[in-house]
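>>> Here is the input, now give the coordinates:
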Amino acid sequence: MILEGVRKSFGKKEVIRGVNLEVKGGEVLSLVGPSGSGKSTLLKCINRLIEIDSGRILVGGRNIKEMDPVELRREVVLVPQNSVTFPGSVLDNVMMPLRAQGVEDRKRAEKALLEAGLSRELFSRNAEKLSGGEKKRVALARALVLRPKALLLDEPTAGVDPKKVGIIEESILDMVRGRGITVIWVTHDVSQALRVGDRIASMKKGKVIKVGERDRFQWEGVY
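Predicted coordinates for the structure are as follows:
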């Protein structure tokens, strides 16, 4: 995944200011920075929920502007910070993106739920009555069931019981590394960025200002 000179403005305010970034295939890149630095907006630009003004974004060597948005969003799946569940069972929630493609594959949905760390006893439960952490896992399973090449995770453990954060981190890393999925993991938590990322990139005022290996990343000036 390659971003070259990516810019985006809303009205007169430029929120993404010439971002250049390369994410290696199969790596987990932690994306950190202050609130309002453009991290979430950048994720939405990558899967075209927001169209960029200039520059280009390549996924698998293809310019995303030349890709069908539906195809792109199957390959590059965004898991937003606020995990949304829909009326119906947990299993129905994960079947939803498959049914949108005309696919009725219960086993595939069940496998995604198990990989996301949800037990079979929860499959028939009303998804809207789950805990915050369980809803995060449903959102992850709904992304995984599409068999994406890349995941864009926006604060995937925000609002989760601190005692369960580590469990969710391990579940995500096991899933993506087992499948060779490329990940951009947005987090405000420095310790989490160090735990999950192979490399770390930091944003400030709409720009990527630093990129480096986890063990050698220079934190000065990031926050």
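>>> helix, strand or coil for residue 103?
At residue 103, secondary structure determined by DSSP: H, G, I helix; E, B strand; the rest coil is coil.
>>> and it, how many residues sit next to it?
Neighbour count of residue 103, defined by other C-beta atoms under 10 Å: 12. Yep, even glycine has a C-beta here, placed from its N, CA and C like the rest.
>>> Distance of it relative to residue 118?
As defined by C-beta to C-beta, to the nearest Å, residue 103 lies at a distance of 20 Å from residue 118.
>>> and if you look at residue 194?
Counting by C-beta to C-beta, the gap from residue 194 to residue 118 is 27 Å.
>>> Please identify which of these two sits among more neighbours.
Each of residue 194 and residue 118 has its neighbours counted (other C-beta under 10 Å); residue 118 has more, 23 against 16.
>>> And for that one, nearest residue in space, chain neighbours not counted?
residue 137 (5.2 Å; C-beta to C-beta, 6 or more residues apart in numbering).
>>> so how far is residue 168 from that neighbour?
Distance from residue 137 to residue 168, by C-beta to C-beta: 7 Å.
>>> shared neighbours, the two?
Both residue 137 and residue 168 are in contact with residue 117, where contact means C-beta atoms under 8 Å, 6 or more residues apart in numbering.
>>> Neighbour count: those two, which is higher?
Neighbour count, other C-beta under 10 Å: between residue 137 and residue 168, residue 137 has more, with 26 against 19.
>>> That one contacts residue 115, doesn't it?
No - if you go by C-beta atoms under 8 Å, residue 137 and residue 115 don't touch, sitting 9.6 Å apart.
>>> Would you map the helices across the protein?
For the chain, the helices defined by DSSP state H cover 39-46, 69-75, 90-99, 106-115, 132-144, 162-179, 190-196.
>>> Compute the number of surrounding residues for the nearest residue to residue 194 once chain neighbours are set aside.
Nearest residue to residue 194 in three dimensions, chain neighbours excluded: residue 214, at 5.9 Å (C-beta to C-beta, 6+ apart). Counted with other C-beta under 10 Å, the neighbours of residue 214 add up to 16.
>>> I figured residue 214 hits residue 201, correct?
No - Residue 214 is beyond contact range of residue 201, at 11.0 Å (criterion: C-beta under 8 Å).
>>> Mutual contacts of those two, please.
When contacts are counted by C-beta under 8 Å, 6+ apart, the set common to residue 214 and residue 201 consists of residue 30.
>>> Tell me how far the closest residue to residue 27 other than its chain neighbours lies from residue 44.
Among residues not flanking residue 27 along the chain, residue 198 sits closest, at 4.5 Å (C-beta to C-beta, 6+ apart). As judged by C-beta to C-beta, residue 198 and residue 44 stand 23 Å apart.
>>> okay, these two: which has more neighbours?
residue 44 (18 against 15).
>>> For residue 140, see how far away the more buried one is.
Remark: distance between residue 44 and residue 140 (C-beta to C-beta) = 18 Å.
>>> for residue 129, same thing?
For residue 129, the distance to residue 140 - C-beta to C-beta - is 18 Å.
>>> neighbour count winner among those two?
residue 140 (28 against 10).
>>> so the more buried one sits right up against residue 175, yeah?
Yes - between residue 140 and residue 175 a contact is recorded at 7.4 Å, counting by C-beta under 8 Å.
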